[in-house]
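Participant: got a sequence here, can you build the structure:
(2 chains)
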Amino acid sequence: MVPLQGFFLGLSSGVACVATCAPVLVPYLLAEGNGVARNAFAVGQFLLGRLVGYLAFGVIAWGINRTLLEAAGYRASIMGFTYLALSVLLVWYSLGRIRTPCAARQTSGLAAAAGTTWPLLFVPMMGLLTGLNFCPPFLMALAGAADTNSLAGSLLFFAAFFAGTSLFFLPAPFLGLFHSVAALSTVGRMAAGVMSLYYGYAGVIYLIGGTGRG
Amino acid sequence: MTPEVKAGPPRRPLRTALLALPMLLLTFFFLTGGRLPSDPKSLIALVVTYAFVNVLFVLMIHTGRTDRYRATFFVIYAVLFSVSFIAHMIDARGSMSIADDEILAGRTPFCHIVITMTLIPAALGKTIIFPGTITKAYASVAGMLVIWIGASLALGRGWCSWGCFFGGWDDGFSRLLKKPLIRNLSPKWSYLPYGVLLAVALTSAAVLSPTYCVWVCPFKAVSEYVPVTSVETLIQAIIFITLFAGLAVALPFLTKRRTQCSMLCPFGALQSFTNPINAFEVRIDPAQCKKCRLCVNNCPTFSLDQGSLEGKGAGITCVKCGKCVDACPRGAAYFHIRGTPLLRSAETGRLLFLYTAVLFMTTFAGGTIQNALMRIMNLLVTGRIV
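Facilitator: Numbering: from 1, shown residues only, chains lettered A, B, ... in the order given. Predicted coordinates for the structure are as follows:
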């Protein structure tokens, strides 16, 4: 029953998860200007990052008292540092995008797809950081995972929660249908820059004790 | 070789009067609603507004020039809007600031820029993420949506030069110098509003709050604001004032471009998408054009480029201000009605656009201008604006 509970919780709150991740993922996909297949790969990388984040919280939920994580002060600190890290990533991405691989490299296949989104950990890192969001569904997942009282149960709960939310990301690769519109790449990069300011500001506000939310 | 064409001579007075007559009648009807006010101050405000609109329209018709008279209206409207709006806020609340209980009660006035942030949550969640009244109140959500649809159909992005009550600020400051002090502003920055649009639409959907209004809007400086009671609100106030001073005052002054409208405003970006479905557009006749680039250099929103000079027309960011049409010494730039043959009756295209634009502007702005004039009269007579 644990996986089903997690899955349905994810399914019921997936829209909120997509809404949280879209401000990072959509500008990135537009800026890269890739087709549907490569976008699917990038979304996969992004989701992998989220999965790692969720599983890490699965371990934490099992290993320590969940009330510690649910305490507002800890949440604000984690959110603050997470947002600042996202901000740094996005500034770096929007100002100095590096994606052209060496001409001698393999030009097709998985390795090439990974290579053109250099560095490899960039997209999963964005997924991880956006996954660490203490939205109400995430807190419910945290509570549900902690109630399983075992590491396996906790991990399974979060994995199922992840699966439920991930279904909502399926349309994202289709942004690649617009890859022929060259201006979208510039717009995506500028949006990433704007988002970096947003997360930077929100991170600071979280750390100094405000809400950091619009 | 194509003979040089210059802007035509002024129309004869009788012809000007005949062409202006429909506008004189229509604006009278729209401003009065068929009934003259009995209060002397209201009557004076009405007469001044009516005369102001129609004198400018007559001048547009008579001289064949568009932009300088449009800008006169547009800039004065922006200033008077702030007078009327702030006075209204002081009337209703006692200050320019938005108190928390006003926000919680959903009594915050809704402006068109918020539309960019409300569309996604409204479409997906059937929720208006703005603490405004839906109907029957000052600046209600529904009222502004209806005006937006009307403006989009009538003017496309021409709204940004003929309707927006904020645009006059940077338009005004962009006209103070004769020549720009900063010339090499990359047109690439004109993509930024689309980036801002994408960012604010997505973040607003994520946090269910209009993030541009809360954190970015430069026009908070001349409308209303959240009182500074914490570090967070202090940062917000600094952002609002800095952006207004930078993008609506300093950069327009230095570059002679409308930098707020062309480099930040997400609503302008959204409105650009309505340009292709609007009947009016600006085109350049490649046969008449001698590639002097006066139009390109004069365009306040970076909407003209080499492609435009070769016959592609202005870009989708064109605000239809008419500056390029006025600037061209050979009459190569002209207003065109989509679906009609190019170059046929270019002046007819301009006239039809002017009827639409001036009528829209009068209908939309007339009440605000009258209200502001009454407030100013109050101030002069009683020493109080409310």
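Participant: packing partners for the host helix or strand of B:V146?
Facilitator: If you go by DSSP states H and E, B:V146 is part of helix B:141-155. For helix B:141-155, the packing partners by 3 or more CB pairs under 8 Å, 6 or more residues apart in numbering or on different chains; DSSP states H and E come out as helix B:115-125, helix B:159-162, helix B:346-382. All C-beta spots, glycine's among them, are computed from the backbone N, C-alpha and C.
Participant: for chain A, find the nearest of these.
Facilitator: Closest to chain A of those, according to CB to the nearest CB: helix B:115-125, at 7.2 Å.
Participant: count of residues packed around the closest residue to chain A within the stretch 251-386 of chain B?
Facilitator: Per CB to the nearest CB, B:A269 is where the stretch 251-386 of chain B lies closest to chain A, at 8.9 Å. B:A269 sits with 27 neighbouring residues when counted by other CB atoms under 10 Å in any protein chain shown.
Participant: cool, B:L181 as well?
Facilitator: Close neighbours of B:L181, defined as other CB under 10 Å, add up to 9.
Participant: that one belongs to a helix?
Facilitator: No - checked against DSSP: H, G, I helix; E, B strand; the rest coil, B:L181 lies outside a helix; its state is coil.
Participant: any idea how far it is from B:S82?
Facilitator: Noted for B:L181: a distance of 27 Å to B:S82, by CB to CB, to the nearest Å.
Participant: and stretch B:203-214 with chain A, contact?
Facilitator: Yes - using CB under 8 Å from any CB of the partner chain, stretch B:203-214 comes into contact with chain A via B:T203, B:S204, B:A205, B:A206, B:V207, B:L208, B:S209, B:P210, B:T211, B:V214.
Participant: and the contacts of that stretch?
Facilitator: A:19-20, A:22-23, A:195, A:198, A:213-214, B:113-114, B:116-118, B:120-121, B:124, B:127, B:129-130, B:196, B:200, B:220, B:236, B:266 (CB atoms under 8 Å, 6 or more residues apart in numbering or on different chains).
Participant: got it, and stretch B:357-377?
Facilitator: Here stretch B:357-377 has contacts from B:23, B:26-27, B:30-31, B:41-42, B:44-46, B:48-49, B:52-53, B:56-57, B:60, B:70, B:73, B:76-77, B:80-81, B:83-85, B:87-88, B:147, B:150-151, B:154-155, B:158, B:162-163, B:165, B:320, B:385-386, using CB under 8 Å, 6+ apart.
Participant: does the residue of the stretch 251-386 of chain B closest to chain A lie in a helix or a strand, and which?
Facilitator: Using DSSP H and E, B:A269 maps to helix B:266-272.
Participant: other SSEs contacting that helix?
Facilitator: Short answer (3+ CB pairs under 8 Å, 6+ apart): helix B:266-272 packs on helix B:115-125, helix B:159-162, helix B:192-207.
Participant: nearest to B:A327, out of these?
Facilitator: Closest of these to B:A327 is helix B:159-162, at 14.8 Å (criterion: CB to CB).
Participant: could you identify the helix or strand that succeeds that closest one?
Facilitator: Downstream of helix B:159-162, the next assigned helix or strand under DSSP H and E is helix B:167-173.
Participant: need phi/psi at B:R283.
Facilitator: phi -130, psi 160 (degrees, to the nearest 10).
Participant: scratch that, B:N278
Facilitator: Main-chain torsions, B:N278, degrees, to the nearest 10: phi -90, psi 150.
Participant: contacting residues around the nearest residue to it once chain neighbours are set aside?
Facilitator: What sits nearest to B:N278 in space, not counting adjacent residues and going by CB to CB, 6 or more residues apart in numbering or on different chains, is B:G156, at 3.0 Å. By CB under 8 Å, 6+ apart, the contact set of B:G156 is B:Q271, B:T274, B:N275, B:P276, B:I277, B:N278, B:F280, B:K320.
Participant: buried only: go through the contacts of stretch B:357-377 for me.
Facilitator: For these, a burial check counting by 16 or more other CB atoms under 10 Å in any protein chain shown picks out B:23, B:27, B:30-31, B:42, B:45-46, B:49, B:52-53, B:56-57, B:60, B:70, B:73, B:76-77, B:80-81, B:83-85, B:87-88, B:147, B:151, B:154-155, B:158, B:162-163, B:165, B:320, B:385.
Participant: thinking B:S140 is in contact with B:I128, fair?
Facilitator: No - between B:S140 and B:I128 no contact is recorded; they are 10.6 Å apart, counting by CB atoms under 8 Å.
Participant: these two: who's more crowded?
Facilitator: Using other CB under 10 Å, the more surrounded residue of B:S140 and B:I128 is B:I128, with 19 against 16.
Participant: contacts only, for the more buried one.
Facilitator: When contacts are counted by CB under 8 Å, 6+ apart, B:I128 touches B:T118, B:P121, B:A122, B:I134, B:V141.
Participant: and it, how far from chain A?
Facilitator: 15 Å (CB to the nearest CB, to the nearest Å).
Participant: that residue belongs to a strand?
Facilitator: No - looking at B:I128 with three-state DSSP, it is coil, so not inside a strand.
Participant: residues touching stretch B:102-118, excluding its own?
Facilitator: Contacts of stretch B:102-118 (CB under 8 Å, 6+ apart): B:85, B:92-93, B:98, B:128-133, B:137-141, B:143-145, B:147-148, B:159, B:164, B:166, B:197, B:200-201, B:204, B:210-213, B:217, B:223-224, B:265-267, B:269-270.
Participant: and chain B, is stretch A:4-19 touching that?
Facilitator: Yes - Stretch A:4-19 is in contact with chain B by CB under 8 Å from any CB, via A:V15, A:A19.
Participant: quick one: buried residues of that stretch?
Facilitator: Buried, per 16+ other CB under 10 Å, within stretch A:4-19: A:Q5, A:G6, A:F7, A:L9, A:G10, A:L11, A:S13, A:G14, A:A16, A:C17, A:V18, A:A19.
Participant: excluding its backbone neighbours, what's nearest the last one?
Facilitator: Counting by CB to CB, 6+ apart, A:A19 lies nearest to B:A206, which is 4.3 Å off, once chain neighbours are set aside.
Participant: and the gap between that neighbour and A:M140?
Facilitator: In terms of CB to CB, B:A206 sits 18 Å off from A:M140.
Participant: what parts of chain B come near chain A?
Facilitator: Selection of chain B residues close to chain A by CB under 8 Å from any CB yields B:124-125, B:188, B:191-192, B:194-196, B:198-200, B:202-211, B:214-215, B:230-232, B:235.
Participant: who's in contact with stretch B:164-177?
Facilitator: By CB under 8 Å, 6+ apart, stretch B:164-177 touches B:71, B:74-79, B:81, B:85, B:112-113, B:160-161, B:219, B:222, B:244, B:247-261, B:267, B:300, B:319, B:321, B:365, B:368.
Participant: what helices and strands are in contact with the strand or helix carrying A:V24?
Facilitator: Following DSSP H and E, the helix or strand that holds A:V24 is helix A:2-32. Counting contacts by 3+ CB pairs under 8 Å, 6+ apart, helix A:2-32 packs against helix A:36-63, helix A:72-95, helix A:122-131, helix A:136-147, helix A:151-166, helix A:183-208, helix B:192-207.
Participant: among the helices and strands of chain A, which has the poorest mean pLDDT?
Facilitator: helix A:109-116 (a mean of 55; mean pLDDT, DSSP states H and E).
Participant: smallest gap between chain A and chain B, at which residue?
Facilitator: Here the residue of chain A nearest chain B is A:M190; by CB to the nearest CB that distance is 2.9 Å.
Participant: residues of chain A that sit close to chain B?
Facilitator: The interface of chain A toward chain B, taken as CB under 8 Å from any CB, is made up of A:15, A:19-20, A:22-23, A:26-27, A:30, A:183, A:186-195, A:198, A:201, A:205, A:208-211, A:213-214.
Participant: what sits closest to A:Q5 if chain neighbours are left out?
Facilitator: Closest residue to A:Q5 apart from its sequence neighbours, by CB to CB, 6+ apart: A:G144 at 6.1 Å.
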